[in-house]
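A.B. asks: model this:
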Amino acid sequence: MESGTIFLVGAGPGDPDLLTLRAARLIERARVLVHDGLVSPAILAMAPSDARLISVAKRRAHHTLPQEDINALLVREARAGHDVVRLKGGDPLIFGRGGEEAELARAEGVRVEIVPGISAANGAAAAAQIALTHRDVSSIVSFVAGQCKGLSDQDWSGLAGKGRTLVIYMGVKTAPQIAEKLMADGLAPDTSLAVIENGARPEMRVLRGCVAGLPDLVTREAVVSPALIVIGDVTARDNAAIAQTALEATP
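C.D. replies: Prediction:
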């Protein structure tokens, strides 16, 4: 029996309208769809009614399936002759472990195709109208994971500050450690930031504050995942622009 193909597909930040045409077509004709927990219900609803939807959702301190088992599942389904749509929030190669899954598929002799998606950072920032780079205040943007082993040992010095924007994925649960780390690495406590919860979805919230106040902001507003933390002057500029727009609109 000829093996099927594993399609590693980026589902974007959650809005079905932000899917690529390639992604939408694969979802609409999927027979086996393996998805993460961050893929929105609206996107899953695009799959055929007779498709097998397999959730491998991961939560902090609880994984439905370990990554090794997810890898084995994808290969097993492909070797059974099925084309497998492996659907991931955002882009599969940005904190999505798509690289690991692609490497495993190739090592097992299974065809794999990667379909990029709008990253969570790009989609959420655009929905919140925050420019991640701006020629007046930021020419560099960096992405880091705020929930990983050895967080305190990582060197983030120089990633945030004047002329730079830092986007932190998966940072809700570790907000206190993130704030402490950034300030210990030299970032000013009053550096502006925005927390974007459920970016590019109907329930999106954009919460604003500063680095020193990040833990309190997350707790006070009961922020939940998916959420991104954007740090840098681009968030202050956006805040000022919104205030000016509101002022001009006032009779």
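A.B. asks: from what I can see Cys5 touches Arg106, true?
C.D. replies: Let me fix one detail, which is that residue 5 is Thr and not Cys. No. If you go by Cβ atoms under 8 Å, Thr5 and Arg106 don't touch, sitting 12.0 Å apart. Glycine gets a C-beta too; all of them are placed from N, C-alpha and C.
A.B. asks: can you list residues touching both of the two?
C.D. replies: Val112 (Cβ atoms under 8 Å, 6 or more residues apart in numbering).
A.B. asks: how about the helices in the stretch 51-200 of the chain?
C.D. replies: 67-79, 98-107, 120-127, 175-184 (DSSP state H, counting those that start in this stretch).
A.B. asks: Pick the most buried one from these.
C.D. replies: helix 120-127 (a mean of 24; mean count of other Cβ atoms under 10 Å).
A.B. asks: Please name every helix or strand in contact with that one.
C.D. replies: Where contact means 3 or more Cβ pairs under 8 Å, 6 or more residues apart in numbering; DSSP states H and E, helix 120-127 is packed against strand 163-169, strand 192-197, strand 227-231.
A.B. asks: Adding distance to Pro215 and mean pLDDT, write these out as CSV.
C.D. replies: Putting the helices and strands packed on helix 120-127 into CSV (distance: least, Cβ to Cβ, whole Å; pLDDT from 0 to 100) gives the following:
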stretch, distance to Pro215, mean pLDDT
strand 163-169, 13, 97
strand 192-197, 11, 97
strand 227-231, 11, 97
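A.B. asks: which of those strands is buried the deepest?
C.D. replies: Buried most deeply of the helices and strands packed on helix 120-127, by mean count of other Cβ under 10 Å, is strand 227-231, with a mean of 27.
A.B. asks: How about residues contacting that strand?
C.D. replies: 120-121, 124-125, 130, 132, 146, 160, 165-169, 171-172, 175, 178, 182, 187, 191-199, 211, 214.
A.B. asks: Only alpha carbons, please: show that strand as CSV.
C.D. replies: Below are the C-alpha coordinates for strand 227-231, written out as CSV (Å, rounded to 0.1, in the frame of the first residue of the first chain):
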residue,chain,number,x,y,z
ALA,A,227,-2.1,35.2,24.7
LEU,A,228,1.0,37.0,23.5
ILE,A,229,3.1,39.6,25.4
VAL,A,230,4.4,42.4,23.2
ILE,A,231,7.1,44.5,24.8
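A.B. asks: could you check the angle helix 175-184 makes with it?
C.D. replies: Angle, strand 227-231 to helix 175-184, by axes from the mean of the first three to the mean of the last three Cα atoms, to 10 degrees: 20 degrees.
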